[in-house]
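Visitor: make a model of this:
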Amino acid sequence: MSLFAPTAVVAEDEAALRGELVEQLGKLWPELSIVGEAADGIEALRLLDQHRPDILFLDIEMPGATGLDVARQVNGRSHVVFVTAYDQYAVAAFDQGAVDYLLKPLAGARLFTAISRLKARLGQAPAPLGGVLDQLGARPAPSGARAPLRWINASVGQTLRLITVDEVMFFQSDNKYTRLALKDGEALIRKPLKELIDELDPQQFWQIHRSTLVNVNAIASVSRDFRGRMQIKLKHGSEMLLVAESCAHLFRQM
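Guide: Presented below is the predicted three-dimensional model:
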């Protein structure tokens, strides 16, 4: 980390607000180098790994991966300033002092205060975010339901790859791991299938067997084999997936 030429990534899905924040940062902190801009959480994670910025301005509610998802990966790697439209209940989580925030719409005076705090902290290790994330994560989403999982860090050989759930044709239990079948291969994660069932969108991923979750968008056809067992053919690849009789009702409308 350099105290003389600090770097930052700005992650905000609203283009106008992102541009406004970058412009104001340029005026109030001309020494700060903006090394990347992200319109969603997936891009924010990629920029974080690519540039390893000193500071991350992070919108809490973004598509792809939420700001909270990104912050869990950032934890301890960059100083974080959350950008939020959340109410005072959520803002109270930031007032523990170590993590700063900006409220939408942006106010120049508040940004100046955040910059002053950041300058004072640049010589220190980034604050741990665990307590703040726990409080923010406990806040109910506006709909009263938790947003479904949209991306996963998975092992592909010796490489850790960021995969969106839309890329996954199916999840399948594999000993201590869960296998992800992709169009271009497969990956492994340590998260058990029972946890994925609770985190994925049930409209997109159906449990067709105690060991298998399938992406309905990846299904080409459903048929029965010579034993009368229901099976799924996927749009990509030759693998056939067996459907348990207890799950056969899912396909009655197909």
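
Visitor: look up how far Ser238 lies from the closest residue to Met240 other than its chain neighbours.
Guide: Spatial nearest neighbour of Met240, chain neighbours left out: Gln231 (4.8 Å); criterion: C-beta to C-beta, 6 or more residues apart in numbering. Every residue, glycine included, has its C-beta placed from N, CA and C. With the distance defined as C-beta to C-beta, to the nearest Å, Gln231 ends up 12 Å from Ser238.

Visitor: more neighbours: which of the two?
Guide: Higher neighbour count among Gln231 and Ser238: Gln231, with 15 against 6, using other C-beta atoms under 10 Å.

Visitor: what's downstream of the strand or helix carrying the more buried one, the next helix or strand?
Guide: Using DSSP states H and E, the element containing Gln231 is strand 230-234. Sequence order places strand 240-242 as the next helix or strand after strand 230-234, per DSSP H and E.

Visitor: return the residues in contact with the residue nearest to Met240.
Guide: Val222, Ser223, Arg224, Asp225, Met240, Leu241, Leu242, Val243 (C-beta atoms under 8 Å, 6 or more residues apart in numbering).

Visitor: neighbour count for these - can I get that in CSV?
Guide: Listed next are the contacts of Gln231 as CSV, based on neighbours: other C-beta atoms under 10 Å:
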residue, neighbour count
Val222, 16
Ser223, 10
Arg224, 11
Asp225, 10
Met240, 12
Leu241, 20
Leu242, 14
Val243, 21
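
Visitor: of those, closest to Leu111?
Guide: Leu241 (51.9 Å; C-beta to C-beta).

Visitor: quickly list what the closest one is bridged to.
Guide: Per DSSP bridges, the residues bridged to Leu241 are Ile232.

Visitor: I'd say it and Ser211 touch.
Guide: No - using C-beta atoms under 8 Å, Leu241 is not in contact with Ser211; the gap is 10.1 Å.

Visitor: what helix or strand does the residue most central in space within the chain sit in?
Guide: Note on the chain: the residue nearest the mean C-alpha position is Ala65, at 2.6 Å, using C-alpha atoms, centre = their mean. Using DSSP H and E, Ala65 falls within no helix or strand.

Visitor: list the contacts of it.
Guide: By C-beta under 8 Å, 6+ apart, the contact list for Ala65 reads Asp40, Gly41, Ile42, Ala44, Leu45, Arg150, Trp151.

Visitor: count the neighbours of the fifth one for me.
Guide: A count of nearby residues for Leu45, using other C-beta under 10 Å, gives 21.

Visitor: and the third one, by the same measure?
Guide: The local packing count at Ile42 equals 20, with neighbours defined by other C-beta under 10 Å.

Visitor: give me the secondary structure label for it.
Guide: helix (DSSP: H, G, I helix; E, B strand; the rest coil).

Visitor: need the contact list for Asp174.
Guide: Shown in contact with Asp174 (C-beta under 8 Å, 6+ apart): Leu188.

Visitor: gap between it and Gln73?
Guide: Asp174 is 24 Å from Gln73, by C-beta to C-beta.

Visitor: same question, Gly36
Guide: Distance from Gly36 to Gln73, by C-beta to C-beta: 15 Å.

Visitor: from the centre of the chain, point out the most distant residue.
Guide: Distance from the C-alpha centroid of the chain, by C-alpha atoms, centre = their mean, peaks at Phe226 (42.8 Å).

Visitor: quick revisit: for the contacts of Gln231, which one is nearest Leu162?
Guide: Nearest member of these to Leu162, counting by C-beta to C-beta, is Leu241, at 25.1 Å.

Visitor: and that closest one, what does it touch?
Guide: For Leu241, the contacting residues are Phe170, Ile208, His209, Thr212, Val214, Gln231, Ile232, Leu234, by C-beta under 8 Å, 6+ apart.
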